[in-house]
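K.L.:
need a structure here:
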Amino acid sequence: MAEFFIPERALVIVAHADDIEFGVSGTVARWTEAGAQVTYCIVTDNSSGSNDPAMKSDDLIEIRRLEQIASAEAVGVTDVRFLNYKDGTLTPTLELRRDLTRVVRDVRPQIVITFDPTTILTMENNYINHPDHRATGEAAVYAVFPSSESRPIFPELLAEGYEPHKVQQLYLVLTNQPNLTVDVSATHGLKLDALRAHKSQVGEEEFEMVKQWDAASGEAEGYAYAEVFRVMKLNEPEPVS
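P.N.:
Okay, the predicted model is just below:
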């Protein structure tokens, strides 16, 4: 099993505003409370998050942008980046991979969190993974390796001043193969505060669902609430000179 540690810098890459709050923000709160710098990268413009015919796309984009910024602040995150790809029709293009490689090289995190791109259906057979999640996960995984490490890939990034960077660990969320359970009992209230900031998307039903998920995730380890990840150890820490 993987071991939990506190990075100096972490980068969370997801498709939509509110994706982080459902599965990751309890862990993020533990990191920021310990002094870690965490950056959020939201890939889409969040324009498909309403079926209300009266809701204008531009209005929804701005509403959800502000909700995500407020949500991040609830768990100590102030660096939130939006790539503004079209919500609902995302594909893992080279353009997206290059944009994510740029972010990885800029932030230079020890840990990157993103979606497990291999998950189509959950083991509980109650959720079909959103295609934007899988597209984000695939592009982010390949941005971490090989793109962020390799000088010859995307040489235009070198011209922009973004030197290669090796990520130490990759945390995959929404996975059917977890190997790390993180105790978020002490930060679960902050997680719910972060989720609550997404007023256009969530209500009491979602709060209760998240509580049930996190309680079930922690049960085997004796934790009141937990988040689970598939962790890949990619590189050893760089030696200190």
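
K.L.:
Going by C-alpha atoms from here, please, whenever you check contacts or count neighbours.
P.N.:
OK.

K.L.:
so where is this structure shaky, pLDDT-wise?
P.N.:
By pLDDT under 70, the low-scoring segments of the chain are 49-52, 54-55, 238-241.

K.L.:
The same query, at a cut-off of 80, please.
P.N.:
1, 48-57, 123-126, 238-241 (pLDDT under 80).

K.L.:
Would you state the strands of it in chain order?
P.N.:
9-14, 37-44, 79-85, 111-115, 169-173, 180-183, 226-233 (DSSP state E).

K.L.:
longest single helix anywhere in the chain?
P.N.:
Ranked by residue count under DSSP state H, the longest helix found in the chain is helix 57-74.

K.L.:
Dump the strands of the chain into TSV; add distance to residue 159 and mean neighbour count as well.
P.N.:
Formatted as TSV, the strands of the chain follow (distance: least, CA to CA, whole Å; neighbours: other CA atoms under 10 Å):
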stretch	distance to residue 159	mean neighbour count
strand 9-14	23	24
strand 37-44	22	23
strand 79-85	20	16
strand 111-115	24	27
strand 169-173	27	24
strand 180-183	38	21
strand 226-233	29	22
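
K.L.:
Any idea which of the ones you listed gets closest to residue 219?
P.N.:
Minimum separation from residue 219 across those (CA to CA) falls at strand 226-233, 8.3 Å.

K.L.:
Contacts only, for the nearest residue to residue 193 once chain neighbours are set aside.
P.N.:
Spatial nearest neighbour of residue 193, excluding adjacent residues (CA to CA, 6 or more residues apart in numbering): residue 74 at 6.4 Å. If a contact means CA atoms under 8 Å, 6 or more residues apart in numbering, then residue 74 has 190-191, 193-194 as its contacts.

K.L.:
One more: residue 172?
P.N.:
113-116, 229-231.

K.L.:
With residue 1 instead?
P.N.:
Residue 1 makes contacts with 179-180, as judged by CA under 8 Å, 6+ apart.

K.L.:
got it, and residue 5?
P.N.:
By CA under 8 Å, 6+ apart, residue 5 has no neighbours at all.

K.L.:
Just read off the phi/psi values of it.
P.N.:
phi -140, psi 170 (degrees, to the nearest 10).

K.L.:
For stretch 19-36, could you pull out the residues that count as buried?
P.N.:
19-32, 36 (16 or more other CA atoms under 10 Å).
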